[in-house]
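Peer 1: structure here, sequence nowhere to be found:
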């Protein structure tokens, strides 16, 4: 019985390790906060912007997913260190582009960060910008 239990433990550990390696293949090749997406591409990369110049901002993310298996990433939007929004985004191919959108108004002033997390919650990349 002890030998069977040991084999099961090794099998579970091996399977969990394989899952982590599988998720590690997903990588971001481009991530930018932008004022507009045209033909599935960002038109600019915002580092600082006035709260009155646009009604919304987008976080564009280009990924490579060598496994080609459907998965998801999550964009987490922070203002002054506090989470103000999250969005799950599907990834359905080897090369994939996706984005999330955040409305902007006069109360949006502050230091912002958007984090991209894989399905397991691992930080893949983050971008920072300011709204005046």
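Peer 2: Received, thanks. Please read all numbers here as calculations on a predicted model, not as lab measurements.

Peer 1: got any ranges where this structure has weak pLDDT?
Peer 2: The model of the chain has pLDDT under 70 over residues 1-24.

Peer 1: can you pull up the most central residue in it?
Peer 2: Centroid-nearest residue in the chain: residue 116, 2.1 Å away (criterion: Cα atoms, centre = their mean).

Peer 1: Provide a list of residues in contact with it.
Peer 2: If you count contacts by Cβ atoms under 8 Å, 6 or more residues apart in numbering, residue 116 has them with 28, 31, 59, 61, 73-75, 123-126. Using the backbone N, CA and C atoms, a C-beta is placed for each residue, glycine as well.

Peer 1: let me know the closest of these to residue 37.
Peer 2: Top of the list for closeness to residue 37, among the contacts of residue 116 and by Cβ to Cβ, is residue 59 at 10.2 Å.

Peer 1: identify the bridge partners of that closest one.
Peer 2: residue 33, residue 100 (DSSP bridges).

Peer 1: how much space between it and residue 74?
Peer 2: Distance, residue 59 to residue 74, using Cβ to Cβ, to the nearest Å: 11 Å.

Peer 1: which of the two has more neighbours?
Peer 2: residue 59 (26 against 16; other Cβ atoms under 10 Å).

Peer 1: pretty sure that one contacts residue 99?
Peer 2: Yes. With contacts counted by Cβ atoms under 8 Å, residue 59 reaches residue 99, the gap being 5.9 Å.

Peer 1: can you tell me which residues contact residue 72?
Peer 2: Taking Cβ under 8 Å, 6+ apart as the test, what residue 72 contacts is 88-91, 119.

Peer 1: helix or strand for it, just tell me which one.
Peer 2: strand 71-79 (DSSP states H and E).

Peer 1: which parts of that strand are buried?
Peer 2: 71, 73-79 (16 or more other Cβ atoms under 10 Å).

Peer 1: now stretch 32-49
Peer 2: 32-35, 42, 46, 49.

Peer 1: what residues does that stretch touch?
Peer 2: Taking Cβ under 8 Å, 6+ apart as the rule, stretch 32-49 contacts 53-54, 57-60, 97, 99, 112, 114, 127, 129-132.
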